[in-house]
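Peer 1: have a look at this fold, sequence not included:
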């Protein structure tokens, strides 16, 4: 199975400041078609996860442009350009290259 | 707008079968482009993909659960279902149904998700 490792586990943030989360995979997620098969999800308190980024860097419909995904191969980063209070929750990365699909352990973002 | 809703018993006894149904509204489960999936979330193991199924019944299972899982689709009711056999306390989790937006392990991402159903395994 592909192991997904996120860091940090917890991220205190200040509203208006940038934030970034790292995700590393145990195998390259770069497909022959040039896309990285890596997604990012946010699970807000009391809610189901919601997709933010798919195929490494594509923002899902309705996701604010302060969220961006970057990286390739085995190293990926989710960036929030200016954190807002509504961005608190747990962020997960997921690899979609091979079954079983696997998730990172999550990064909890909270306001300082 | 596509919406998914899980339903089923919230308490299952050890060694019995966990059964959940996901009702799809706002769209047809029979679309050629659609896959349908199940994911669970437990404190001990985080988010875990259980499996996915096409409207025609082709299935893809997590090998760690494959021997105990059955996925099925009922196009007449616009529903798909999960059965997990021989459950133990380790199967206690919130179970989500969700729609993969591409082929399984083909760069798929899950959107939307149901609200989740908490299932507790206890005697």
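Peer 2: It's in. Just so it is clear, the structure is predicted and the values come from calculations on it, not from any experiment. Numbering: from 1, shown residues only, chains lettered A, B, ... in the order given.
Peer 1: ok, what's across the strand from the closest residue to residue A:69 other than its chain neighbours?
Peer 2: With sequence-adjacent residues excluded and distances taken as C-beta to C-beta, 6 or more residues apart in numbering or on different chains, residue A:69 is closest to residue A:53, at 3.7 Å. C-betas here are computed from N, CA, C, even on glycine. Under DSSP bridges, the beta-bridge partners of residue A:53 are residue A:40, residue A:59.
Peer 1: got a list of what residue A:53 touches?
Peer 2: A:39-40, A:59-60, A:63, A:67-69, A:78 (C-beta atoms under 8 Å, 6 or more residues apart in numbering or on different chains).
Peer 1: do residue B:27 as well
Peer 2: B:2, B:34.
Peer 1: one step back: now for the contacts of residue A:53: which two are most distant?
Peer 2: A:39 and A:68 (13.7 Å; C-beta to C-beta).
Peer 1: which of these two has more neighbours?
Peer 2: Neighbours per residue, other C-beta atoms under 10 Å in any protein chain shown: of residue A:39 and residue A:68, the larger number sits with residue A:39, 31 against 17.
Peer 1: nearest residue to that one in space, please, no chain neighbours.
Peer 2: residue B:109 (4.3 Å).
Peer 1: hmm, residue A:56 and the one you found touching each other?
Peer 2: No. Contact criterion C-beta atoms under 8 Å: residue B:109 and residue A:56 do not qualify, at 10.6 Å.
Peer 1: picking up where we left off before, can I get the contacts of residue A:53 in JSON lines including distance to residue B:24?
Peer 2: Converted to JSON lines, those look like this (distance: C-beta to C-beta, whole Å):
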{"residue": "A:39", "distance to residue B:24": "21"}
{"residue": "A:40", "distance to residue B:24": "25"}
{"residue": "A:59", "distance to residue B:24": "25"}
{"residue": "A:60", "distance to residue B:24": "19"}
{"residue": "A:63", "distance to residue B:24": "23"}
{"residue": "A:67", "distance to residue B:24": "28"}
{"residue": "A:68", "distance to residue B:24": "31"}
{"residue": "A:69", "distance to residue B:24": "28"}
{"residue": "A:78", "distance to residue B:24": "29"}
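Peer 1: look up how far residue B:62 lies from the spatially most central residue of chain B.
Peer 2: In chain B, the centroid-proximal residue (C-alpha atoms, centre = their mean) is residue B:38; its distance is 2.7 Å. As judged by C-beta to C-beta, to the nearest Å, residue B:38 and residue B:62 stand 9 Å apart.
Peer 1: so what sits against both of these two?
Peer 2: B:49-51.
Peer 1: now, which of the residues you listed lie within strands?
Peer 2: B:49-51 (DSSP state E).
Peer 1: re earlier: among the shared contacts of residue B:38 and residue B:62, which are in reach of chain A?
Peer 2: residue B:49 (C-beta under 8 Å from any C-beta of the partner chain).
Peer 1: ok, the residue nearest to residue A:39 - contacts?
Peer 2: Here residue B:109 is in contact with A:39, A:51, A:54-55, A:60, A:94, A:96, B:100-102 (criterion: C-beta under 8 Å, 6+ apart).
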